[in-house]
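# what's the 3D shape of this:
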Amino acid sequence: MKPYLFSFLFLLLFASCSKELEFETKTYEKKTSLKCQGLCPKITIKIPIAKDGILADSINKKIFATLKQIVYFGEAPYDSKDYQELANDFIASYEKMQQENPDELIGWEGDVNGRLVYKSEKVIGIELQHYTFTGGAHGYSGKTSLLFNRETGHSITADSIFNNVEAVKTLAEKRFREKFKIPADAPINSGGLMFEEEKFALPATIFLSDKGVLLYYNTYEIASYADGPRDVMLPYSEVDKYLRIK
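Coordinates of the predicted model:
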């Protein structure tokens, strides 16, 4: 290969790798075709789609795979291949149930709002705020955090965020007790909390923000539906030394 051609290909590859990763928010909707009373069952999915770049495919696949674990009805997630199919399958489940049980007029609802909430030189953070109702006393709302390594496009698991999980847990429990006024010598489940085995634990949902690390406990994770979600912020001034990446 001629030297100038090699140099050109190297510069082309470097340019594609260093290209700024951009996101475009797209909306997918589906409404039932069956006759209904009041608000007809509908699902709306607003999601950030990574554009171009080598990393986009990896990030988009992870976001979609995560959402498939959230939006479904039955014993297992749908076999949907894209967001529109996912919306269609959700409404199809409603229509099938209504056709089998025409006297049970249950209004279903689905709403997903995804957005880019954090971006640094090394990390991209996506928040999925979601609500689904498929019958019963009330629906379920929650938040999911997806963190990606900006250099590789690979997802960052909660276990790999910290270099000393036990130290972070100790700090988080202290701040948690302060925020929710639980005395240091009182059981952590005082006031109706539901930590397993009466031991404080970090949540499954962890956000990085400009202010620090946000620990977010979704509804039912450590408290009843009536109590709602709980959260506690760990400022970088306290937690920075325990972070592997930010």
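# Pull out the buried residues from the helix or strand harbouring Glu173.
If you go by DSSP states H and E, Glu173 is part of helix 165-179. Neighbour-count burial for helix 165-179 flags Val168, Lys169, Leu171, Ala172, Glu173, Arg175, Phe176, Arg177 (criterion: 16 or more other Cβ atoms under 10 Å). C-beta coordinates here come from the backbone N, C-alpha and C atoms, glycine included.
# pLDDT score for the first one?
What it means is Val168. With respect to pLDDT, Val168 scores 97.
# Ile63 versus that one, what's the distance?
26 Å (Cβ to Cβ, to the nearest Å).
# go on, the fifth one?
Using Cβ to Cβ, we find Glu173 at a distance of 31 Å from Ile63.
# tell me the domain boundaries of this structure?
Annotated domains of the chain cover 22-149, 158-242 [automatic domain parsing].
# Check the offset of the shortest one from the chain's centre.
Relative to its chain's centre, domain 158-242 lies at 17 Å (Cα atoms, centre = their mean, to the nearest Å).
# May I have the secondary structure class of Glu104?
Here Glu104 is coil, with the state taken from DSSP: H, G, I helix; E, B strand; the rest coil.
# and what of Glu121?
coil.
# Return the residue spatially closest to it, with its sequence-adjacent residues excluded.
Distances taken as Cβ to Cβ, 6 or more residues apart in numbering put Arg150 closest to Glu121, at 6.8 Å, once the chain neighbours are dropped.
# any idea where the helices of the protein begin and end?
3-18, 56-68, 83-100, 165-179, 236-239 (DSSP state H).
# Worst mean pLDDT among the ones you listed?
helix 3-18 - the lowest mean pLDDT of these, at a mean of 43.
# Would you mind measuring from the spatially closest residue to Gly135 that is not a sequence neighbour to Tyr94?
Closest residue in space to Gly135, ignoring its immediate chain neighbours: Ile106 at 4.4 Å, by Cβ to Cβ, 6+ apart. Distance, Ile106 to Tyr94, using Cβ to Cβ: 8 Å.
# Gln163 contacts Ile245, doesn't it?
Gln isn't right for residue 163; it's Asn. No - the criterion here is Cβ atoms under 8 Å, and Asn163 misses it with Ile245 at 9.7 Å.
# Identify the residues contacting the most centrally placed residue in the chain.
With distances taken as Cα atoms, centre = their mean, the chain has Thr144 as the residue nearest its mean C-alpha position (2.1 Å). Applying Cβ atoms under 8 Å, 6 or more residues apart in numbering, we find Thr144 in contact with Thr66, Ile70, Glu127, Leu128, His130, Thr205.
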